[in-house]
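A.B. asks: the sequence and its predicted three-dimensional model are supplied below.
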Amino acid sequence: MKTQAKRNIRVTRVAPHDDDRDPQIPGIALVMAAVMIVTAVAMAGVASYTGFGATHVPPSTVVASRSLIFMDADDGAIEVRQGEDNALVVLLPRKRNGFIRTVVRGLAFHRKKQGLGSQHPFILTRWADGRLSLKDTTNGRSIQLRAFGYPNEKAFARLLEVGVADAGGEQS
């Protein structure tokens, strides 16, 4: 039986084709790609220079504002202190308040690049139109917290209230 199986096997050879060469991109395609890239870069430059397409926040009146310092605690928590007197406002536990942690760490990253520490306060502001913003006093960088949704904005809004959230995240 083995000999019979060997007889039925055919070897087919494939003849070489002219298509086995490296494909060449037509010159017109390269020119069009270059035109598209130059156009995109030029449009981005014009938009940046003129401010076209930029989002502008309308002016509003400050309703409430608080100067806050965020510091890392030894146990991984974040201490939130008042900027004026360094009094402890709230202790944010290690595995909670993820949005506040993320925003503050992002702003702290930019401070660290400038060689600045955490001793400088941030300004948390509630505006008359309902917006809430967090501004870094060292470099003027400001974040509109509404852009991240109501629950995330509310996490920061608690820090403006007189009976601030305690370590568990509940009102005191």
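C.D. replies: Cool, the structure landed.

A.B. asks: please make it C-alpha for all contacts and neighbour counts, starting now.
C.D. replies: Fine.

A.B. asks: could you list the buried residues of the longest strand seen in the chain?
C.D. replies: Ranked by residue count, the top strand of the chain under DSSP state E comes out as strand 62-72. By 16 or more other CA atoms under 10 Å, the buried positions in strand 62-72 come out as 65-71.

A.B. asks: what does stretch 42-50 contact?
C.D. replies: If you take CA atoms under 8 Å, 6 or more residues apart in numbering as the criterion, stretch 42-50 is touched by 52-53.

A.B. asks: could you dump the buried residues of strand 62-72 into a markdown table and include pLDDT and distance to residue 80?
C.D. replies: Below are the buried residues of strand 62-72 laid out as a markdown table (pLDDT from 0 to 100; distance: CA to CA, whole Å):
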| residue | pLDDT | distance to residue 80 |
| --- | --- | --- |
| 65 | 90 | 15 |
| 66 | 90 | 11 |
| 67 | 90 | 10 |
| 68 | 90 | 6 |
| 69 | 88 | 6 |
| 70 | 87 | 5 |
| 71 | 86 | 7 |
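
A.B. asks: now distance to residue 91 too, for the residues you listed, in TSV please.
C.D. replies: Putting the buried residues of strand 62-72 into TSV (distance: CA to CA, whole Å) gives the following:
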residue	distance to residue 91
65	20
66	16
67	16
68	12
69	12
70	10
71	10
